[in-house]
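**Student:** coords please:
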Amino acid sequence: FFFFNDTATTEIYTEQIVGSVRCVQETAHKEVTSSRRKQRRAHFSAPSHIRRKLLSAHLSTELRKKYSVRAMPVRKDDEVIVVRGNFKGHKGKVTTVYRRKWCIYIDKLQKTKANGAPYQIPIHPSNVTITKLKIDKDRNDLLKRKAVKAIQKGKGEKYTVKDTALTPDLSLIHISEPTRLLSISYAVFCLKKKKKFFNPYQSR
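**Tutor:** Purely as a prediction, here's the structure:
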């Protein structure tokens, strides 16, 4: 419930909220659960081929302009730079992608134990940016496919008024009635409940 003292303010906020709900509704898949518990379970129990995609990193500005791709799965021999955390600014080549521990190991990024033995420091791919890609035939084909999909889907375009228009899937009730003391407007928003849920990480 949203309470406002005048109808004009209610109408403004109503348009903004309906547009936001419409954007969320378009991006949501009908067969994917919205439960936080189930999403976390699917994420952390994902198989190796799914973790490959989840362990992705953004490309640098130069690579993004060159390939028209925003992010790529990290692989061995990629050159990266750490952009977040205690090791921000460290540059190096990826030596290992450890899918089981959700991390990558970077060349010369290590510490020393009390006994003098060195050990590598794990870094999550979301904390790095790829500055140089290890290119082979398969990866080159992947870059081309991702660039074509980005053009077809029109990524980067903003939502228009037509995109955020109210549809039958969204039920909106807007009631504005004067009370004994003052005029109060309130709006009620509700979405249709999804009937079934589907885990995309589980094989059928």
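**Student:** which stretches of this protein form strands?
**Tutor:** Using DSSP state E, the strands of the chain run over residues 2-4, 56-59, 71-73, 79-82, 91-98, 103-106, 110-112, 118-120, 128-132, 170-178, 183-191.
**Student:** partners of the fourth one, with directions?
**Tutor:** So the one you mean is strand 79-82. Take DSSP bridges as the rule and strand 79-82 pairs in its sheet with strand 91-98 (antiparallel), strand 128-132 (antiparallel).
**Student:** could you say which of the ones you listed is packed most deeply?
**Tutor:** strand 128-132 (a mean of 20; mean count of other CB atoms under 10 Å). Placement of C-beta: from N, CA and C, glycine included.
**Student:** okay, and for the protein, where does confidence drop off?
**Tutor:** Across the chain, the ranges flagged by pLDDT under 70 are 1-29, 154-204.
**Student:** now do the helices in it.
**Tutor:** Assigned by DSSP state H, the helices in the chain fall at 7-27, 36-44, 48-54, 61-67, 137-153.
**Student:** now the fourth one: buried residues?
**Tutor:** Yep, that's helix 61-67 we're talking about. 63, 67 (16 or more other CB atoms under 10 Å).
**Student:** contact partners for I104?
**Tutor:** Contact analysis of I104 by CB atoms under 8 Å, 6 or more residues apart in numbering lists 55, 74, 80, 94, 96-98, 122-125, 128.
**Student:** next one: L142
**Tutor:** M72.
**Student:** cutoff 10 Å now
**Tutor:** By CB atoms under 10 Å, 6 or more residues apart in numbering, L142 lies in contact with 67, 69, 72-73, 136.
**Student:** quickly note the distance from it to T131.
**Tutor:** Counting by CB to CB, to the nearest Å, the gap from L142 to T131 is 18 Å.
**Student:** what does K108 give?
**Tutor:** Taking CB to CB, one finds K108 at 15 Å from T131.
**Student:** on that earlier part again, now distance to Q152 too, for the strands paired with strand 79-82, in a markdown table please.
**Tutor:** Formatted as a markdown table, the strands paired with strand 79-82 follow (distance: least, CB to CB, whole Å):
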| stretch | distance to Q152 |
| --- | --- |
| strand 91-98 | 29 |
| strand 128-132 | 24 |
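**Student:** for these, which one sits closest to G85?
**Tutor:** G85 lies closest to strand 128-132 among the strands paired with strand 79-82, at 9.4 Å (CB to CB).
**Student:** alpha carbons of the closest one, as CSV, please.
**Tutor:** Extracted in CSV, the C-alpha atoms of strand 128-132 (Å, rounded to 0.1, in the frame of the first residue of the first chain):
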residue,chain,number,x,y,z
VAL,A,128,39.0,-9.1,-12.3
THR,A,129,38.8,-7.7,-15.8
ILE,A,130,40.2,-9.5,-18.8
THR,A,131,42.8,-7.5,-20.6
LYS,A,132,44.0,-10.1,-23.1
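**Student:** quick one: contacts of that strand?
**Tutor:** In contact with strand 128-132 (CB under 10 Å, 6+ apart) are residues 56-64, 71-75, 77-85, 87, 90-94, 104, 106.
**Student:** and the buried ones among those, selectable in PyMOL?
**Tutor:** The PyMOL command for the buried members of the contacts of strand 128-132 (criterion: 16+ other CB under 10 Å) is given here:
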select buried, resi 57+58+59+60+63+71+72+73+74+75+78+79+80+81+82+83+90+92+94+104+106
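**Student:** many thanks, we can stop here.
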